[in-house]
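Trainee: Quick one, fold the following:
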Amino acid sequence: GKFTVNIKRLLASLPVLLLTAPNIAFAQQNTALSVSVVVNSNQDGAIQADNSLTLREAVAIVNGNLPLEQLSAAEKSLVSTGSSQSRIAFNLPPGQTTIRLESILPPLVNPGLTVDGTSQPGYDPSKSATAEIEIPIPVVEITSAADKEVFRGLTVAADNITIQGLSLYGFNSKHTDTASLPTGNIVVVPFDSVIVRKQGDNSSQSTRNTIIKNNWLGITSEEQVPDKTSAFGVSVFNAVGTNINRNLIANHQGSAIITGKLAENTQIQSNIIVGNGIAGVPDAIRLEGKIDNSQVSSNLICANDGSGVYLFKPEGSVQIQSNNIKYNGRRLRRAGVYLMGNNHKVLN
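Mentor: Next up, the predicted model:
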């Protein structure tokens with residue numbers, strides 16, 4: 001049947017969203033391999049040689065931080081080399097398809113990597129829970145452990161990375177430390193902001209060509225509002241050519257999609273964006289920073305707490321075309337489309 005929003009549940013009192021998070025730095029990675037890794041355990045914790053591979057271990061392997069010789073024989077059997085681009089696939093046991101993270105994962109820094117939830121047995125690309133725009137139901141869920149505060153799900157910090165077929169929810173922070181890194185389910189940031197760099201190294205100023213498709217963000221695979229809601233769905237900061245395509249994005253404390261600083265040529269298309277902004281930034285899509293040549297097209301933007309699309313002091317122009325924008329402004333009465341700046345096009 002059609003996906004429906006439980007507005008009463010969405011508007012239940014939530015903690016006030018603070019846009020701050022601890023400043024996390026990661027060590028420079030080793031030379032990343034082109035490998036295919038199969039995650040067969042939903043556990044999280046310290047990396048260790050045993051009979052199973054966790055998502056944390058898979059990220060460490062594709063990043064080049066966990067040498068293959070440190071793996072057990074059982075783990076080595078889940079890793080294959082020789083592919084042209086790296087891939088993290090899933091083969092989790094039935095009934096154990098939710099990964100509860102104890103702490104933030106290392107950023108994804110292997111260019112061309114695909115994190116592929118569609119590989120999980122039971123994933124059906126032809127079956128959709130939504131009628132308006134067909135988006136397959138994910139099987140693999142990634143969330144934070146019930147007793148942990150994990151402020152980010154997946155961090156994209158290299159070019160040409162794809163994230164597909166996953167459900168991500170439960171990532172936010174109540175910390176009030178001065179933050180330099182945004183929070184949310186998926187965050188696209190430059191390599192510079194997550195890596196401790198050598199003095200004088202000025203390479204890689206933005207992350208390019210991220211693809212985020214066929215994910216459910218902020219909602220469980222059973223179509224439920226999670227007990228722990230995320231701060232944002234997708235945060236794009238210092239990135240070019242990000243493509244956010246055919247995702248169901250719901251129930252976030254802040255915006256479903258938010259940009260900052262540099263987010264040129266961002267393509268937001270064919271998403272269902274519903275019931276967001278329930279405790280913080282109220283707008284479904286909030287575009288700010290350098291956003292020239294970006295497009296918002298063919299989305300269903302419904303029942304969000306502020307504007308459907310809100311442009312705040314942007315640099316450059318965007319095209320907003322063929323969207324179905326309705327029943328927004330639930331908490332704050334705002335325009336369906338709120339424009340600042342010049343030369344934007346709002347069509348059809």
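
Trainee: Okay, buried residues for stretch 118-132 please.
Mentor: 118-120, 123, 128-130 (16 or more other Cβ atoms under 10 Å). Every residue, glycine included, has its C-beta placed from N, CA and C.

Trainee: contact partners of it?
Mentor: With Cβ atoms under 8 Å, 6 or more residues apart in numbering as the test, stretch 118-132 has contacts from 1-3, 38, 87, 89-92, 94, 97, 117, 134-140, 164-165, 214, 223, 248, 272, 300, 324.

Trainee: Send me that stretch as PDB with only the CA atoms.
Mentor: What follows is stretch 118-132, C-alpha atoms only, in PDB (Å, rounded to 0.1, in the frame of the first residue of the first chain):
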ATOM      1  CA  THR A 118      21.300  -4.700  -2.600                       C
ATOM      2  CA  SER A 119      23.700  -7.600  -2.300                       C
ATOM      3  CA  GLN A 120      22.000  -8.900   0.900                       C
ATOM      4  CA  PRO A 121      20.000 -12.100   0.300                       C
ATOM      5  CA  GLY A 122      16.300 -11.300   0.400                       C
ATOM      6  CA  TYR A 123      16.600  -7.900  -1.200                       C
ATOM      7  CA  ASP A 124      14.000  -7.600  -3.900                       C
ATOM      8  CA  PRO A 125      14.700  -4.700  -6.400                       C
ATOM      9  CA  SER A 126      11.200  -5.200  -7.900                       C
ATOM     10  CA  LYS A 127       9.200  -4.800  -4.600                       C
ATOM     11  CA  SER A 128       8.400  -1.300  -3.300                       C
ATOM     12  CA  ALA A 129       6.400  -0.200  -0.300                       C
ATOM     13  CA  THR A 130       5.700   3.200  -1.900                       C
ATOM     14  CA  ALA A 131       3.400   3.700  -4.800                       C
ATOM     15  CA  GLU A 132       4.200   7.300  -5.800                       C
END
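
Trainee: residues contacting the residue nearest to residue 161 when sequence neighbours are not counted?
Mentor: Spatial nearest neighbour of residue 161, chain neighbours left out: residue 113 (5.0 Å); criterion: Cβ to Cβ, 6 or more residues apart in numbering. Counting by Cβ under 8 Å, 6+ apart, residue 113 touches 62, 85-88, 158, 161-162.

Trainee: now, which of those residues sits nearest residue 345?
Mentor: Closest approach between the contacts of residue 113 and residue 345, by Cβ to Cβ: residue 162, at 28.5 Å.

Trainee: thought the closest one was touching residue 117?
Mentor: No - using Cβ atoms under 8 Å, residue 162 makes no contact with residue 117, being 10.7 Å away.

Trainee: Who has more neighbours out of the two?
Mentor: Using other Cβ atoms under 10 Å as the criterion, residue 162 and residue 117 rank with residue 117 on top: 27 against 19.

Trainee: measure the more buried one to residue 209 for me?
Mentor: Residue 117 sits 20 Å away from residue 209, taking Cβ to Cβ, to the nearest Å as the criterion.

Trainee: from what I can see residue 62 touches residue 39, true?
Mentor: No - using Cβ under 8 Å, residue 62 is not in contact with residue 39; the gap is 11.0 Å.

Trainee: which residues are common contacts for the two?
Mentor: In contact with both residue 62 and residue 39: residue 88, using Cβ under 8 Å, 6+ apart.

Trainee: Those two: which has the busier surroundings?
Mentor: Counted by other Cβ under 10 Å, residue 62 and residue 39 do not tie: residue 62 has more neighbours, with 28 against 24.

Trainee: Which secondary structure state does that one sit in?
Mentor: At residue 62 the chain is in helix, as set by DSSP: H, G, I helix; E, B strand; the rest coil.

Trainee: Residue 239 versus the residue of the chain positioned farthest from its centre, what's the distance?
Mentor: Computed with Cα atoms, centre = their mean, the residue of the chain farthest from its C-alpha average is residue 73, at 32.6 Å. Per Cβ to Cβ, residue 73 is found 39 Å from residue 239.

Trainee: go on, residue 66?
Mentor: To residue 239, residue 66 is 26 Å away according to Cβ to Cβ.

Trainee: quick one: which of the two has more around it?
Mentor: The neighbour count for residue 66 versus residue 239, taken as other Cβ under 10 Å, is higher for residue 239 (27 against 20).

Trainee: Now do the same contact list for the more buried one.
Mentor: Shown in contact with residue 239 (Cβ under 8 Å, 6+ apart): 156, 188-190, 206-208, 210, 262-263, 266.

Trainee: pLDDT score for it?
Mentor: pLDDT, residue 239: 95.

Trainee: Then residue 235?
Mentor: Per the predicted model, pLDDT is 96 at residue 235.
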